[in-house]
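Engineer: Whatever this is, show me its structure:
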Amino acid sequence: MSLVRSVPRRVRAALLPAVRHLPRGVRPGPLARLGRDARVEVARRRIDTDPVGALADLEGELGPEAPPRVWRLAAQAAARAKRHDKVVELDVRGLERRYAGPGDALRLRRAAVATGDTERAQLALDYLLGLTPAKNGAVRKSAEALRHVDGSRLPRLVEWRERIARTHPALDLEPVDEAILQVRLRDQVERGADLAEILSEALVRPADTPRLVRALMGARRYDDLEELLRRLTPEQALTVPAETWRTLAQKATSTGWSELAGLAAQLALRAGTGTEDPATTARLEAMVAVGQDEARTMVEGWTPPVRGSVARPTDVDPLGVVSVLGQSLPLRSGGYATRSHGILTSLVDRGWHMNAVTRLGFPYDLWWKADDERVVAPVDVVDGVPYHRLLTEGVRSYPRTPLVPYVEEGARGIAKLAREKRAGLIHASSLYDVGMAGLLAAREVGVPFVYEMRGLKQLLESARQPRFAESPRSRYLDLLEGTVAREADALFVITEALGRQMVEMGVDPERITVVPNGVNAARFEPRERDEELAASLGLAGRTIIGYVGGLVHYEGLDLLFEAVARLRRERDDFHVLVVGDGAHQRALHRTVEQLGVGDLVTFTGRVPHEEVEAYLSLVDITPFPRKPLPVCELISPIKPFESMAMEKAVVASDVAALAEIVQDGVTGRLFAKGDADDLARVLGELVDDPEQRVRLGRSAREWVVAERDWSRITDAVDGVYRQLLGVSTEE
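Structural biologist: Numbers count the residues shown, from 1 in each chain. Coordinates of the predicted model:
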């Protein structure tokens with residue numbers, strides 16, 4: 001035991017402030033150890049609040065004489081600081097010197113997986129197989145990791161179970177049995193075994209059914225689970241706890257296996273789950289309905305009616321357009337609504353007679369809670385643009401399942417508006433349900449149809465669930481988005497990359513036009529810092545790194561905070577301002593706390609749309625650290641253009657969609673996507689160089705005004721409209 005930890009707590013507390021300042025160069029001996037132990041104890045106390053600083057202090061104590069506890073604490077600090085490479089380096093030493101326990105090996109495996117180091121991940125699993133855990137928690141966590149060993153290690157896994165059973169017979173080995181079953185199943189499947197053969201071996205005893213379900217669920221073998229559920233007898237299904245069926249239904253839903261989710265939800269309902277809880281019952285019933293609807297659509301497909309009689313020229317306004325949207329101002333003010341309004345107002349300025357209409361049920365269907373008593377007006381007019389609503393008076397519920405009847409009802413409302421306004425063209429914008437309704441309405445009225453793709457739902461889901469692309473729901477979304485895009489008379493896409501994707505999905509490249517994101521440069525102009533707002537937020541006198549936008553995981557704000565933690569080792573003359581809200585905000589608050597940078601970060605939450613410019617006025621550097629994911633490579637955000645228009649120094653990851661708009665060193669700075677160290681380097685350079693920030697900001701605004709003002713972007717939209725309608729530029 002160390003000298004510091006061996007004395008009474010009150011005495012130790014009194015000694016720490018003094019002995020921790022003993023220089024590290026003291027000759028080896030009791031005094032040197034006393035100083036080291038004191039410094040280590042102080043660092044240990046900082047791991048939760050300032051892991052980056054704790055790691056730096058602990059690294060100074062590492063050396064041949066440092067006991068295992070110091071190396072282990074350093075690895076803990078590195079894990080909290082998300083320094084996965086450092087965790088691997090520190091914990092490998094523990095394995096090599098045989099002082100590591102199960103927790104150390106598990107930490108090493110997590111870090112190795114995070115860095116893609118498969119060799120070290122396997123090393124950690126092999127080490128676990130050599131240990132004999134003595135507590136249920138260690139057994140459970142170790143078994144969870146050992147599910148990932150390959151089939152060649154199955155005999156060792158079985159021997160590991162037998163060793164634990166002999167040494168600690170009272171421990172719960174059910175997690176180990178499930179791990180063994182998962183490894184065996186995976187090995188059989190990889191060797192090409194028939195599912196019937198696997199099931200005949202696995203379903204021998206009544207207890208095997210729930211174990212098999214959990215094993216397949218843990219291994220994410222959803223295709224086999226779907227087949228299993230079809231084969232189970234009612235008696236076998238009843239041996240599985242209702243909670244397991246409910247968990248499977250939830251996991252299958254989140255990963256895109258809607259039909260499997262429906263089957264599991266049915267079994268949960270039969271088992272009596274949720275009978276005392278109407279909300280749970282309703283969720284399970286909804287899963288059943290969605291699963292059946294998507295399965296039916298995949299079998300039957302969805303084909304719009306052929307184009308009917310063309311509307312007579314005397315029946316239409318040659319400059320009349322109905323724009324079909326998923327959401328809009330003034331009820332929503334995010335990027336989608338901002339883009340829509342920018343395009344609509346610019347087209348009105350060009351002489352087009354624009355009428356916008358939002359999807360059936362908006363905003364009651366998804367955005368507003370059931371107990372929200374606000375009443376939506378049938379039409380909102382914003383800057384001269386009318387936004388019509390497809391709502392029935394007194395109705396607050398607009399079921400989207402089954403999908404086709406929902407789309408058809410929306411199409412009837414759109415067609416009615418198009419006839420009333422004598423529209424000569426219908427233009428619908430993402431997502432597929434909006435496009436389907438717009439396409440059906442255009443076919444009914446007999447006018448051209450334009451589809452604008454601003455993103456793909458399947459890309460967003462794949463960013464959240466990496467294996468979503470392999471799921472049936474991904475194919476379902478491809479079917480619907482692809483059908484609408486191929487049937488459109490013209491297709492607008494938000495980036496060149498998305499256009500290439502749609503060509504791969506069978507769209508004629510001659511009908512594709514890129515209509516990128518832009519900005520109202522007259523609104524987002526350079527302005528003086530709002531000093532009153534800065535003072536109210538405690539930001540006076542600091543260089544501000546500011547993010548304004550949605551708090552969703554693919555935006556990479558966790559990477560930004562890791563970079564901030566790196567920067568604070570050298571300086572604290574900056575502050576990070578985060579303006580916005582979103583599904584990832586709680587996780588981001590936890591990340592800030594874990595990294596110990598809470599004193600450098602201010603979250604404001606969502607602010608009114610009209611106040612965005614005031615908050616941007618406080619900012620010197622605007623980072624957009626999007627992650628290396630398909631959705632980020634293909635889809636461009638709108639917020640960078642607002643920052644560029646206000647002459648802010650933009651820092652962006654080099655994903656394709658951002659590299660298209662930021663010229664490194666000219667209109668902003670790029671950093672290697674996913675690399676917190678490189679982001680920290682670029683941010684540090686800009687904090688140090690106000691002149692560079694000014695130069696980049698001015699160049700960015702010049703480029704935005706010339707290339708990405710909505711008035712320029714709608715040149716392409718205007719041209720396609722006129723071509724489809726046969727309208728000359730004089731009209």
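Engineer: Going by C-alpha atoms from here, please, whenever you check contacts or count neighbours.
Structural biologist: Noted.
Engineer: which residues in the chain form strands?
Structural biologist: With DSSP state E as the criterion, the chain has strands at 317-325, 353-358, 379-382, 385-388, 423-429, 449-453, 490-493, 512-514, 543-548, 574-579, 601-605, 621-624, 649-653, 669-671.
Engineer: helices and strands of the chain: which one bottoms out on pLDDT?
Structural biologist: helix 3-6 (a mean of 49; mean pLDDT, DSSP states H and E).
Engineer: Where does pLDDT dip in this protein?
Structural biologist: Scanning the chain for pLDDT under 70 picks out the ranges 1-31, 195, 197-207, 273-276, 309, 311, 313, 729-731.
Engineer: And it, what are its domain boundaries?
Structural biologist: Using the TED database, the domains assigned to the chain come out as 1-131, 320-514, 539-708.
Engineer: and the ones you listed as CSV, adding mean neighbour count?
Structural biologist: Shown next, in CSV, are the domains of the chain (neighbours: other Cα atoms under 10 Å):
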stretch, mean neighbour count
domain 1-131, 18
domain 320-514, 19
domain 539-708, 20
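Engineer: Nearest to Ala521, out of the ones you listed?
Structural biologist: Nearest of the domains of the chain to Ala521, taken as Cα to Cα: domain 539-708 at 5.8 Å.
Engineer: end-to-end on the closest one?
Structural biologist: 31 Å (Cα to Cα, to the nearest Å).
Engineer: Name the nearest residue to the residue nearest the centre of the chain, ignoring sequence neighbours.
Structural biologist: Geometric centre of the chain, nearest residue: His553, 3.7 Å, by Cα atoms, centre = their mean. Spatial nearest neighbour of His553, excluding adjacent residues (Cα to Cα, 6 or more residues apart in numbering): His584 at 5.7 Å.
Engineer: Now the phi/psi pair for that neighbour, please.
Structural biologist: Torsion angles at His584 (phi, psi; degrees, to the nearest 10) stand at phi -100, psi 10.
Engineer: elements contacting the helix ranked longest in the chain?
Structural biologist: In the chain, assigned by DSSP state H, the helix with the most residues is helix 278-300. Under the contact criterion of 3 or more Cα pairs under 8 Å, 6 or more residues apart in numbering; DSSP states H and E, helix 278-300 touches helix 242-254, helix 258-270, helix 472-487.
Engineer: Distance to Gly596 added to the ones you listed, as a markdown table?
Structural biologist: Output for these, formatted as a markdown table (distance: least, Cα to Cα, whole Å):
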| stretch | distance to Gly596 |
| --- | --- |
| helix 242-254 | 32 |
| helix 258-270 | 40 |
| helix 472-487 | 39 |
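Engineer: out of the ones you listed, nearest to Thr513?
Structural biologist: Of all these, helix 472-487 comes closest under Cα to Cα, at 12.1 Å.
Engineer: which residues are contacting that closest one?
Structural biologist: 256-258, 294, 297-298, 301-303, 431-432, 435-436, 439, 451, 456-458, 468-469, 491, 502, 505-508 (Cα atoms under 8 Å, 6 or more residues apart in numbering).
Engineer: next one: stretch 370-378
Structural biologist: With Cα under 8 Å, 6+ apart, stretch 370-378 has contacts from Tyr364, His388, Arg389, Leu390, Leu391, Arg396.
Engineer: Now, those that are in helices?
Structural biologist: Going by DSSP H, the helices hold none of the contacts of stretch 370-378.
Engineer: Show me which pair in those residues is furthest apart.
Structural biologist: Pairwise distances across these (Cα to Cα) peak at 16.4 Å, for the pair His388 and Arg396.
Engineer: Helices of the stretch 51-200 of the chain, start to end?
Structural biologist: Taking DSSP state H, counting those that start in this stretch, the helices of the stretch 51-200 of the chain run over residues 51-59, 68-80, 84-96, 102-115, 118-129, 136-146, 154-167, 174-190, 195-202.
Engineer: what's the fifth one packed up against?
Structural biologist: Going back to what we said before, that points to helix 118-129. Using 3+ Cα pairs under 8 Å, 6+ apart: helix 118-129 touches helix 84-96, helix 102-115, helix 136-146, helix 154-167.
Engineer: where's the shortest one relative to the chain centroid, distance-wise?
Structural biologist: Its chain's average C-alpha position is 28 Å from that of helix 136-146, according to Cα atoms, centre = their mean, to the nearest Å.
Engineer: what do you get for the second one?
Structural biologist: On the basis of Cα atoms, centre = their mean, helix 102-115 sits 23 Å off its chain's mean C-alpha point.
Engineer: Over to the last one?
Structural biologist: The chain centroid and the centroid of helix 154-167 are separated by 39 Å, computed with Cα atoms, centre = their mean.
Engineer: Glu444: what's it in contact with?
Structural biologist: Taking Cα under 8 Å, 6+ apart, one finds Arg307, Gly308, Ala415 in contact with Glu444.
Engineer: sorry, that was for Ile180
Structural biologist: Here Ile180 is in contact with Arg147, Leu154, Leu157, Val158 (criterion: Cα under 8 Å, 6+ apart).
Engineer: Distance check, Ile414 against Glu420.
Structural biologist: Separation of Ile414 from Glu420 (Cα to Cα) stands at 10 Å.
Engineer: Same check on Asp57?
Structural biologist: For Asp57, the distance to Glu420 equals 73 Å [Cα to Cα].
Engineer: excluding its backbone neighbours, what's nearest Leu600?
Structural biologist: His575 (5.0 Å).
Engineer: quick one: that neighbour and Leu537 touch, right?
Structural biologist: No: using Cα atoms under 8 Å, His575 is not in contact with Leu537; the gap is 10.9 Å.
Engineer: Is it correct that Gly546 is in contact with Pro623?
Structural biologist: Yes: using Cα under 8 Å, Gly546 makes contact with Pro623 at a distance of 6.9 Å.
Engineer: doesn't Asp573 make contact with Ile545?
Structural biologist: No: in this structure Ile545 lies outside contact range of Asp573 using Cα under 8 Å: 10.9 Å.
Engineer: Let's have the contacts of Ile180 in JSON lines, adding neighbour count.
Structural biologist: Below are these laid out as JSON lines (neighbours: other Cα under 10 Å):
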{"residue": "Arg147", "neighbour count": "24"}
{"residue": "Leu154", "neighbour count": "19"}
{"residue": "Leu157", "neighbour count": "25"}
{"residue": "Val158", "neighbour count": "15"}
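Engineer: For His427, state which of these is nearest.
Structural biologist: Using Cα to Cα, Arg147 comes nearest to His427 of the contacts of Ile180, at 50.7 Å.
Engineer: residues in contact with that closest one?
Structural biologist: Applying Cα under 8 Å, 6+ apart to Arg147 gives the contacts Ala179, Ile180, Gln182, Val183, Ala219.
Engineer: Likewise for Ala490?
Structural biologist: Ala490 is in contact with Phe449, Val450, Tyr451, Arg511, Ile512, Thr513, Val720, counting by Cα under 8 Å, 6+ apart.
Engineer: how far away is it from Val717?
Structural biologist: Taking Cα to Cα, one finds Ala490 at 10 Å from Val717.
Engineer: need the contact list for the residue lying closest to Val564 once chain neighbours are set aside.
Structural biologist: Distance criterion Cα to Cα, 6+ apart; nearest residue to Val564, sequence neighbours excluded, is Ala680 at 6.6 Å. By Cα under 8 Å, 6+ apart, the residues touching Ala680 are Ala563, Val564, Arg566, Leu567.
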